[in-house]
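Novice: predicted model and sequence below, questions to follow.
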Amino acid sequence: MKVTKIGEFEELVLMTVIVLQKEAYGVAIRKELQERLNTSVSVGSVQSALKRMEDKGYLSSEFGEATAKRGGKRKKIYSATPTGQTVLVQMKEIRSGLWNSMPPFQVDFS
């Protein structure tokens, strides 16, 4: 099977979409990433990654219902496709193989 590689940020966005499930829309994805990475994440970088992965077939999207809270605008909800899930599994296997092959080392967290 051909291994498809994706960038680190795309991988994180794709994983976040799966974690958030039916709440996986741009603002929520950005918020979740900022909390987990403990850093600022731009709306544009998230939107660009979502578009790239939708174009590649790793994500699909549909519009949710319009709400008064959002001024009548609808959220674009993302979900991982089977292809996107396969890519994540492949990336996990690659990373796990590398981690398992590394010699032990010490990290100083002080």
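Specialist: Structure received. Numbering: from 1, shown residues only.
Novice: so what touches stretch 8-27?
Specialist: Stretch 8-27 is contacted by residues 6, 28-29, 32-33, 36-37, 43, 45-47, 49-50, 52-53, 58-59, 64, 75-80, 84-85, 87-88, 91 when judged by C-beta atoms under 8 Å, 6 or more residues apart in numbering. Placement of C-beta: from N, CA and C, glycine included.
Novice: the worst-scoring helix or strand of the chain on mean pLDDT pairs with which strands, and in what direction?
Specialist: Ranked by mean pLDDT, DSSP states H and E, the weakest helix or strand in the chain is strand 59-66, scoring a mean of 87. Sheet pairing for strand 59-66, assigned by DSSP bridges, gives strand 74-80 (antiparallel).
Novice: got the buried residues for the helix or strand following the strand it pairs with?
Specialist: Next in sequence after strand 74-80, counting helices and strands by DSSP states H and E, comes helix 82-101. Using 16 or more other C-beta atoms under 10 Å as the test for burial, helix 82-101 gives Gly84, Val87, Leu88, Gln90, Met91.
Novice: tell me the one of these nearest Phe109?
Specialist: Within those, the smallest distance to Phe109 is 25.9 Å, found for Met91 (C-beta to C-beta).
Novice: could you check how far the closest one is from Asn100?
Specialist: Distance of Met91 to Asn100, given as C-beta to C-beta, to the nearest Å: 15 Å.
Novice: who's in contact with the least confident helix or strand of the chain?
Specialist: Outside strand 59-66, the residues within contact range by C-beta under 8 Å, 6+ apart are 14, 17, 25, 50, 53-54, 72-81, 84.
Novice: go through it and flag the buried ones.
Specialist: Across strand 59-66, burial judged by 16+ other C-beta under 10 Å covers Leu59.
Novice: again with stretch 20-36
Specialist: Using 16+ other C-beta under 10 Å as the burial criterion, the residues of stretch 20-36 that qualify are Leu20, Ala24, Tyr25, Ala28, Ile29, Arg30, Glu32, Leu33.
Novice: if we can go back for a sec, among the contacts of strand 59-66, name the buried ones.
Specialist: Here the buried ones among the contacts of strand 59-66, as counted with 16+ other C-beta under 10 Å, turn out to be Leu14, Val17, Tyr25, Leu50, Met53, Glu54, Lys75, Ile77, Tyr78, Ala80, Thr81, Gly84.
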